[in-house]
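Colleague: sequence and computational prediction follow.
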Amino acid sequence: MRSGVWTTRRRRLRVLPRLAMEPCAWPIEAAGPMHWFEGLLAELGHELWIGDSAKIRASEVRKQKTDERDAALILELLLSERFPRICVPTPAKRDLRQLLWHRHKLVGLRTMLGNQLHFLPMSQGLCRKRKLFSKKGRGELVALPSGLGPSGDEKNF
């Protein structure tokens, strides 16, 4: 196949349905974010096999790297059943990991803000740890001489 066929995404989207009418596996070397390509192949009923690029590279003796040689090497690894496939999480697992990472960052922010808020009354000699955020702790904050706590008309601290 000519290398110019894959130059733009628009061309890829036009050519892809004609390349394989029956569902098949598409082996590629891991090279970056390809979730859109994986989704496109899944819509067409194909399966994307992503290979470990370091292991693919290590199986080639020649150090000269070209697209044609890479394709021939991947084909050779497939035919000899030595293709080093890597585990790719499903889209649902990727979404779950993203949500967990976001939650982790929010917990870190909450801890950082709590530590900063604890520093202010501790610098005035008031050490209440978790009780600082109770009603009694807020009352003690208001009673501090520097007025670190909320004023009387503020209900939410």
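Modeller: Everything's here; your move.

Colleague: how about the strands in the chain?
Modeller: 25-29, 47-51 (DSSP state E).

Colleague: which stretch among those comes nearest residue 93?
Modeller: Residue 93 sits nearest to strand 47-51 of all those, at 14.8 Å, using CB to CB. Every C-beta, even on glycine, is put in place using the N, C-alpha and C of the backbone.

Colleague: elements contacting the closest one?
Modeller: Other elements packing on strand 47-51 under the criterion 3 or more CB pairs under 8 Å, 6 or more residues apart in numbering; DSSP states H and E are strand 25-29, helix 35-43.

Colleague: and the residue nearest to residue 49 when sequence neighbours are not counted, what does it touch?
Modeller: Closest residue to residue 49 apart from its sequence neighbours, by CB to CB, 6 or more residues apart in numbering: residue 27 at 4.4 Å. Neighbour list for residue 27: 49, 51, 74, 77-78, 83 [criterion: CB atoms under 8 Å, 6 or more residues apart in numbering].

Colleague: which ones are touching the most centrally placed residue in the chain?
Modeller: Central residue of the chain (CA atoms, centre = their mean): residue 98, 5.8 Å from the mean position. Listed by CB under 8 Å, 6+ apart, the contact set of residue 98 is empty.

Colleague: out of the helices and strands packed on strand 47-51, which one sits most buried?
Modeller: Comparing those by mean neighbour count (mean count of other CB atoms under 10 Å), strand 25-29 ranks first with a mean of 16.
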